[in-house]
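Q: sharing a model prediction with you, sequence too.
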Amino acid sequence: TIVVIDCAAMAKDAPKGSDDGSNNINVVLLKCIKMCSETGKKMYLDQLELHPPTTLGTTTSDLGVVINDPATTTAVCSVDFAMMKPDVVILEKRADGTIDITVVDIKSSAHMKRSHRLQIAFYAIVIERVLADYNNSTSSSSTTSKLPKTCMAAMGEVWLPVSLHT
């Protein structure tokens, strides 16, 4: 069975306070991962909004986005990331209980471009960081449940239009 989740509608219905350790950031993603684990159904998340963790971009190990003063190699600023909206995120439960996560970008281009691949890779990095931060924040809490084991797919997907001309 395949389930399509309208994440925008789910976010509107979500309570404003969060008791699951996520500080109301990325709550829809976290709830969908838990639902996929409980039901075992493949889920397509549409209109998911990702809020990058505040720690992303604060060290040179984060994609090299900290801008250093060349004379002193001192960080002069970091990049602030806005809310991100991957076109589709697919969740699928494996037999061992691990939830596979695949990022999909839908394009109207005739050919796949390097920028499409980079966008998918960046979304995957953000999702991995969000999940790691959530699990780290819940490790010391006895009232908050950890997420099931997750794994980003080795490759994301770019969906291009099918030519209707023969």
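A: Ah, there it is.
Q: where do the strands sit along this structure?
A: 2-6, 42-46, 67-68, 75-77, 88-93, 99-106, 150-152, 157-159 (DSSP state E).
Q: save these as a markdown table, and put in distance to Pro52, mean pLDDT and mean neighbour count too.
A: Where C-beta positions appear, they are placed from N, C-alpha and C, glycine not excepted. Shown next, in a markdown table, are the strands of the chain (distance: least, Cβ to Cβ, whole Å; pLDDT from 0 to 100; neighbours: other Cβ atoms under 10 Å):
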| stretch | distance to Pro52 | mean pLDDT | mean neighbour count |
| --- | --- | --- | --- |
| strand 2-6 | 21 | 88 | 13 |
| strand 42-46 | 17 | 94 | 19 |
| strand 67-68 | 17 | 57 | 13 |
| strand 75-77 | 16 | 58 | 11 |
| strand 88-93 | 15 | 96 | 20 |
| strand 99-106 | 14 | 95 | 19 |
| strand 150-152 | 16 | 93 | 15 |
| strand 157-159 | 21 | 92 | 16 |
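Q: and those: which comes nearest Lys113?
A: strand 157-159 (8.6 Å; Cβ to Cβ).
Q: and the closest one, what does it pack onto?
A: The contact analysis (3 or more Cβ pairs under 8 Å, 6 or more residues apart in numbering; DSSP states H and E) places strand 157-159 against strand 99-106, helix 114-138.
Q: and the ones you listed, which is most packed in?
A: Compared across those, strand 99-106 shows the largest average neighbour count, a mean of 19 (mean count of other Cβ atoms under 10 Å).
Q: just checking: what are the partner strands of that one?
A: strand 88-93 (antiparallel), strand 150-152 (parallel), strand 157-159 (parallel) (DSSP bridges).
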